[in-house]
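**Q** Sequence and predicted structure are below.
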Amino acid sequence: MVNILVSACLLGLNCKYSGGNNINERIVELKNRYNLIPVCPEQLGGLATPRNPAEICKGLILDSQGKDVTEYFKKGAMETLALARLFNCPIAILKSKSPSCGINRVYDGTFEGRLISGMGMTARLLKESGITVMCDEDI
Ligand code: SF4
């Protein structure tokens with residue numbers, strides 16, 4: 001079976017910043033046809049759960065208290081890529097809108113719920129590394 005990297009929150013793991021998850025039963029069901037490898041880049045980068053929400057702002061990633069957490073996100077992206085390579089994953093299914101996992105749109109950095117075109121840091125690194133990235137909303 002093909003190995004597919006999946007944002008862990010989509011599989012029901014409570015790794016979201018709030019301590020909850022974003023379970024998506026359509027994606028969970030894919031486990032019957034594929035080996036799903038759950039990853040949470042923000043936890044892999046060393047951030048705690050729960051944690052403050054973060055958004056991309058002028059090339060940096062800041063949390064809602066104004067703390068620069070860019071280095072955690074970079075580390076998480078690198079660790080996620082390492083797992084993708086370790087398990088030979090040709091595809092990653094990632095959670096929309098996240099500053100790590102978002103593919104088509106991300107929040108605009110104001111913490112006011114506005115979306116703009118853009119990619120999360122991990123999604124971008126995986127794509128640039130030749131992995132096909134798919135958004136949960138398209139599954
Ligand atoms: S970093 Fe990705 S996997 Fe982790 S909680 Fe956020 S969207 Fe889900």
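**A** The structure has been received and is ready for your questions. Quantities reported herein were computed from a predicted structural model and do not represent experimental measurements. Numbers count the residues shown, from 1 in each chain.

**Q** Setting the sequence-adjacent residues aside, check what's closest to the most centrally placed residue in the chain.
**A** Nearest to the mean C-alpha position of the chain, counting by Cα atoms, centre = their mean, stands Cys101 at 2.5 Å. Once flanking residues are discounted, Cys101 sits nearest to Leu94: 3.9 Å by Cβ to Cβ, 6 or more residues apart in numbering. Quick note: C-beta positions are derived from backbone N, CA and C, even for glycine.

**Q** Test my guess that the one you found contacts Gly120.
**A** Yes. Counting by Cβ atoms under 8 Å, Leu94 touches Gly120, with 7.4 Å between them.

**Q** thinking again about what came up before, so where does the residue nearest to the centre of the chain fall, helix or strand?
**A** For Cys101, there is no host helix or strand (DSSP states H and E).

**Q** Just to check, it is in contact with Thr122?
**A** Yes. The criterion here is Cβ under 8 Å, and Cys101 meets it with Thr122 at 5.9 Å.
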